[in-house]
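Colleague: Sequence isn't available, so here's the structure alone:
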């Protein structure tokens, strides 16, 4: 089957979909976009074409507000942040937003190799739970954290705007310090004495993230985690309020939306990509969950 590669959140698709001027893009992002960039939120949003349907980022994205508010859907959940709050979209996660919010702040996009760089190590990534797909994407900074974090954002912005990644040691040093400041005030999604259930839920969500195209059954994930389906059901439902089946269905729909938006796949190809051998059954499943068929969803995107 002939397929067209999916347009991920890279420089080329970003330029074609969201930016109104090639010169503005080059001036804003320079040539280091694939590794790291930092811009002011108000500058970025002014150049974007909204709404942005479900889109998968290839790098981590961090948004910090100094004024106003912002609303974004990350995965299947919608978040709203205000002044002195951050939103994090982990690499590979799906995001979307439709409103042009009045706000100011900073937006960073970066890859893991930037964090590791010259001074870091692979284990450093494990320290930042908010960069995991099951982490809490909202970080609220207390007054002290804001007092420390804002100058770091400002310094990164000034350095990057002037030199790109020419002085990468400076960028890396300030950026790791920034991530550590955020980590100091980060709060996990779930606060529970049921530590085993929380651990099972985290592992389930991470497995779901990587296996959703081929595994659609609760038994599949229970087998991966070496527990019984009943144990998985009880644990996930107790921690999240939703059953594993609900999470699986939401993940399938989210993956399908990304493919319908970011690729030139036919409906049959999208169905096969998300694990449905029968395109008709996939269309019925999609309509049951979304209220529209995959074809209607594509037309809605084209008109937006």
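Modeller: Received it, and whenever you're ready, just let me know what you need. Treat the numbers as computed from the prediction; the structure is a model and nothing was measured. Numbers count the residues shown, from 1 in each chain.
Colleague: Hmm, residue 205 is touching residue 134, no?
Modeller: Yes. With contact defined as Cβ atoms under 8 Å, residue 205 counts as touching residue 134 (4.0 Å). All C-beta spots, glycine's among them, are computed from the backbone N, C-alpha and C.
Colleague: check which helix or strand covers residue 115.
Modeller: If you go by DSSP states H and E, residue 115 is part of helix 112-116.
Colleague: Show the average pLDDT along that helix.
Modeller: For helix 112-116, mean pLDDT is 76.
Colleague: just stretch 220-230 next, same as before
Modeller: Stretch 220-230 comes out with an average pLDDT of 97.
Colleague: Equivalent analysis for stretch 287-304, please.
Modeller: The model assigns stretch 287-304 a mean pLDDT of 87.
Colleague: Run through who's touching that stretch.
Modeller: 51, 53, 249, 253, 256-257, 260-261, 267, 270, 282-283, 286 (Cβ atoms under 8 Å, 6 or more residues apart in numbering).
Colleague: of those residues, closest to residue 211?
Modeller: Residue 211 lies nearest to residue 249 out of the contacts of stretch 287-304, by Cβ to Cβ, at 14.4 Å.
Colleague: show me the residues around that closest one that make contact.
Modeller: Contact analysis of residue 249 by Cβ under 8 Å, 6+ apart lists residue 289.
Colleague: Check which helix or strand it maps to.
Modeller: Using DSSP H and E, residue 249 sits in helix 244-262.
Colleague: same thing with residue 86?
Modeller: Secondary structure from DSSP H and E places residue 86 in strand 85-89.
Colleague: Show me what that strand packs onto, helices and strands only.
Modeller: On a contact count with 3 or more Cβ pairs under 8 Å, 6 or more residues apart in numbering; DSSP states H and E, strand 85-89 meets strand 60-74, strand 138-140.
Colleague: Which of those sits closest to residue 215?
Modeller: Of all those, strand 60-74 sits nearest to residue 215, with 22.1 Å by Cβ to Cβ.
Colleague: now the next helix or strand after that closest one against strand 85-89, angle please.
Modeller: The element immediately downstream of strand 60-74 (helix or strand, assigned by DSSP H and E) is strand 77-82. Relative orientation of strand 77-82 and strand 85-89, computed by axes from the mean of the first three to the mean of the last three Cα atoms, to 10 degrees: 150 degrees.
Colleague: Not counting strand 77-82 itself, show me its contacts.
Modeller: With Cβ under 8 Å, 6+ apart, strand 77-82 has contacts from 63, 65, 68, 69, 70, 71, 72, 73, 87, 137, 138.
Colleague: Distance from the chain centre to whichever strand or helix holds residue 231, please.
Modeller: Secondary structure assigned from DSSP H and E places residue 231 in helix 229-240. Chain-centre distance of helix 229-240: 24 Å, with Cα atoms, centre = their mean, to the nearest Å.
Colleague: and what of stretch 56-63?
Modeller: That offset, for stretch 56-63, works out to 5 Å (Cα atoms, centre = their mean).
Colleague: Need the contact partners of it.
Modeller: Counting by Cβ under 8 Å, 6+ apart, 6, 8-10, 34, 41, 70, 72, 81, 86-95, 105-112, 131, 258, 262 sit against stretch 56-63.
Colleague: which parts of it are buried?
Modeller: Across stretch 56-63, burial judged by 16 or more other Cβ atoms under 10 Å covers 56, 57, 59, 60, 61, 62, 63.
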